[in-house]
Every structure is written in structure tokens, then in C-alpha cells.
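Asker: here is a sequence with its predicted model. Questions after.
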Amino acid sequence: MQRLNHQKIIKIRSFLLIILAGFIQSSFAQQNSNIDGTLNGKIICIDPGHGGSAATDSYRQGPTGEREEWIDLRVGLLLKEILEQKGAKVLMTRSADNPFPLAERSKMAVENKSDFFISIHHNATADPSVNFPIIYYHGLASENQAGVIFGKMLAKNLKKYMYKTKTPYSVVSDFTIFSGAGSSVLRGTYGIPGVLAEASLFTNPEEEARLKTREHNYNEAHAIAKAIEKFFKKGNLTISPKTPSKFPPQFATLQEADRMSAIARRWHQDYIDGKKLMKKKDAESQQKAYDLFTQSARSFPDSYVAAKCHKYRAAILRKQGKTEEAVKEEIRVKEFYPN
């Protein structure tokens, strides 16, 4: 008799678990369903960054070996599911850990007449304590309003869904890190609204651990999807042709592996030391402050203090009577660091 009762209890529990699982699945589907049709028929190209680069890019991994391209792909595939549930048609530049030429990524978006382009990345720096989102638009803020507006929407969403503590964010031009021509995929898709998003830094040990989990990957994908949906609700935003004469002079920065150096690790301390020296009025201290701001901006050109570094550089140049150079620095701040 007891055995029969025990079997009945097991069956009831199993039945309840099935109902609960169905409820959770239904809630998940409802959360990501195409409620108002905003994304119905929209063609969205998702570009999970890098791929198949473990043998060549040893620096593109976290403290315990988690590689960026693996994270990028996981988030991209989750984003694809969410967007398709919302009625969008999704293109993937890659669906496995394989290399794919940069030119082919942008070509896919352009030839399929995509309505939106998102390149998914995660960042690295020499300072393991750092973790915040960085969103790049292509070109000048005054000419790429769509990229700037979406970048700010996405940055706020990433803070909301991925970060549990107050954190800064950067929305910057891709010319801050690729001073010659900007990012290849954004340059190749210019005219299509889109950004390259570095949602977090895998060189931060705690963040690397979170990035290994499906929950954290999903939160990121959800944040991107919500931002895309909000962007299309906002309506068309302009993307004007690029005007080369409006661009400030190139500012050379540390690239990729060099950003993992001991010099790069001082990015924030250089900024702090520069501010202290700037308070002094003598010419020597002002020049030292200028040099420290320059080094900080070179080490971490897309950081949340880089705009301040360039702003202080402009102020010092004015004090030195170098008005023309100061104006160019002020244009850099306005066009490359709109937030």
C-alpha cells in the first residue's frame, strides 16, 4: 500500500514538474515574442567577432583561458533566437568557431540589404580590475546620428541587464582605436545602422567567470535585442556621407597585444597624475600633464576617461598658445566622444 502511494506521489511530482517547465518555456517565449511587430521582416545581420584564432591570437583570452571568439559566438546565437522570435530575419556571419574574412562580413550585410548590423565583441586590457561596456559607431558623431543614438541605448541596456553595480560606459567612434580608417566591418557597412559592441572585458577574472554561463550570455543577448527593438520604434535616424575634411588628425594608439603591456596598465594612474600636475601653473608641470594625458589616451583610447584626456590636452594647448592644435583636439572630443 505504501509502495503504491509512493508511486502516486512520484507521478504527481513528475506531472507538476512538466506543468512548471511548460509555464517557464511559455514565459520565456512571451518575453521574447513579437508583441507589436516592430521587428517583423527586418533583416538583421549578426557578426560574432573573430573566430578560429586560438593558434594566432594568444592574447585574446581571459585569466583561465576562456577565449573571446567563443563568447562572441554564444551570445550571437542566443541573439539570433531572440530576434527570430520577434519576427526578424537573421543573417549570421559565422555559426561556428571558424575564421571568416572581415570584408566578407560586411559584404554579407550589404548584399542582403540588411536593415541593421551588430558586431559582437568582448574586450581586453592590461588592467584586470576594469570592466565596462564600450560601443563603437563609425566615423563622426555629427554624421552618424543613428550609430550614436543606438550606441547610447545599447550601453544603458548592457548596464541594466549585465552589471549589478554602478559602472561607467563608453560610446565612441571606431576612429578612437583605428585612427586611420575605423573598423573594417563598420566601414564596410556604413549607411546601414549598426555598431560594434564590446559588452564587457574578459580580462577581468570575475567577468570571465560570468561570461562562461548561459545566463550571463543570455542577459547580454537580451539587452542587445531590446535595444534594437527600441531603435526601430524610434524611427529613422540619419547617416550622412562621410566628409574627410571634418576629421581631426590621426592620434596613434596602442593596438591589440600592446594594450596588455605594463605601460598600458597605467592608463588610469596616468590620468590621475596628469590632473594633479595640471593644477600647477608652471610650464614644465603643464607639459608633463599633457604627456601623461597623451599616454593615458594612447593606452586606453576608448576608455571613459579618454575624452577627458583629450579635453585637458586641448586646454593645455590653448595655454601654450597653440590655438589651431587645440581646436583640432576639441573637434576630436566632440566627434569621437559624444557621451
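Answerer: Nice, thanks for sending it over. Numbering: from 1, shown residues only.
Asker: check contacts around residue 325.
Answerer: residue 317 (CB atoms under 8 Å, 6 or more residues apart in numbering). Backbone N, C-alpha and C define where each C-beta goes, glycine included.
Asker: strands along the stretch 201-339 of the chain, start to end?
Answerer: In the stretch 201-339 of the chain, no segments count as strands under DSSP state E, counting those that start in this stretch.
Asker: ok, the stretch 1-150 of the chain next?
Answerer: 43-48, 89-92, 116-123, 134-137.
Asker: quick check: which of those strands is buried the most?
Answerer: Of all those, strand 134-137 has the most neighbours on average by mean count of other CB atoms under 10 Å, namely a mean of 28.
Asker: what pairs with that strand, parallel or antiparallel?
Answerer: strand 170-173 (parallel), strand 194-201 (antiparallel) (DSSP bridges).
Asker: specify the beta-bridge partners of residue 196.
Answerer: Using DSSP bridges, the beta-bridge partners of residue 196 come out as residue 119, residue 136.
Asker: okay, now residue 202: neighbour count?
Answerer: Residue 202: 28 surrounding residues under other CB atoms under 10 Å.
Asker: so that it lines up with my notes, have the first residue be 3 from now on.
Answerer: With the count now opening at 3, the last piece we talked about shows up as residue 204.
Asker: tell me the contacts of it?
Answerer: Residue 204 makes contacts with 63, 64, 68, 70, 73, 124, 125, 126, 210, 213, as judged by CB under 8 Å, 6+ apart.
Asker: just residue 235 next, same as before
Answerer: Taking CB under 8 Å, 6+ apart, we find residue 235 in contact with residue 40.
Asker: please tell me how far the residue lying closest to residue 118 once chain neighbours are set aside sits from residue 81.
Answerer: Nearest residue to residue 118 in three dimensions, chain neighbours excluded: residue 46, at 4.7 Å (CB to CB, 6 or more residues apart in numbering). Plainly put, residue 46 is 9 Å away from residue 81 if you go by CB to CB, to the nearest Å.
Asker: common neighbours of these two, please.
Answerer: By the contact definition CB under 8 Å, 6+ apart, residue 46 and residue 81 are jointly contacted by residue 120.
Asker: ok so, going back, what bridges to the residue nearest to residue 118?
Answerer: Note on residue 46: beta-bridge partners residue 92, residue 118, judged by DSSP bridges.
Asker: per-residue pLDDT, it?
Answerer: The model reports residue 46 with a pLDDT of 98.
Asker: show me what contacts it?
Answerer: Residue 46 sits next to 85, 90, 91, 92, 93, 116, 117, 118, 119, 120, 230 when contact means CB under 8 Å, 6+ apart.
Asker: for residue 270, same thing?
Answerer: Contacts for residue 270 (CB under 8 Å, 6+ apart) come out as 129, 298, 302, 305, 307.
Asker: could you dump the residues you listed to TSV with pLDDT and distance to residue 279?
Answerer: Below are the contacts of residue 270 laid out as TSV (pLDDT from 0 to 100; distance: CB to CB, whole Å):
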residue	pLDDT	distance to residue 279
129	93	21
298	98	12
302	96	19
305	96	19
307	97	15
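Asker: among those residues, who's most crowded?
Answerer: Scoring the contacts of residue 270 on neighbours with other CB under 10 Å, the highest-scoring entry is residue 302 at 30 neighbours.
Asker: so which of the contacts of residue 204 is the most crowded?
Answerer: residue 124 (29 neighbours).
Asker: so how far is residue 63 from the residue nearest to residue 128 when sequence neighbours are not counted?
Answerer: Once flanking residues are discounted, residue 128 sits nearest to residue 267: 3.8 Å by CB to CB, 6+ apart. Separation of residue 267 from residue 63 (CB to CB): 17 Å.
Asker: check residue 302 too.
Answerer: For residue 302, the distance to residue 63 equals 19 Å [CB to CB].
Asker: which one of the contacts of residue 270 is nearest to residue 148?
Answerer: Closest approach to residue 148 among the contacts of residue 270 (CB to CB): residue 305, at 24.0 Å.
Asker: surely the closest one and residue 172 touch.
Answerer: Yes - Residue 305 lies in contact with residue 172 (CB atoms under 8 Å); the separation is 6.4 Å.
Asker: okay, the closest residue to residue 119 other than its chain neighbours and residue 154: tell me how far apart.
Answerer: Excluding the flanking residues, the one nearest residue 119 by CB to CB, 6+ apart is residue 196, at 3.2 Å. The spacing between residue 196 and residue 154, counted by CB to CB, is 14 Å.
Asker: who has more neighbours, those two?
Answerer: The neighbour count for residue 196 versus residue 154, taken as other CB under 10 Å, is higher for residue 196 (31 against 17).
Asker: surely residue 51 meets residue 74?
Answerer: Yes - judged on CB under 8 Å, residue 51 makes contact with residue 74 at a distance of 4.5 Å.
Asker: now list whatever residues contact both of these two.
Answerer: 122, 123, 124.
Asker: who's in contact with residue 122?
Answerer: Contacts of residue 122 were listed using CB under 8 Å, 6+ apart, and they are 48, 49, 50, 51, 74, 77, 78, 81, 199, 201, 226.
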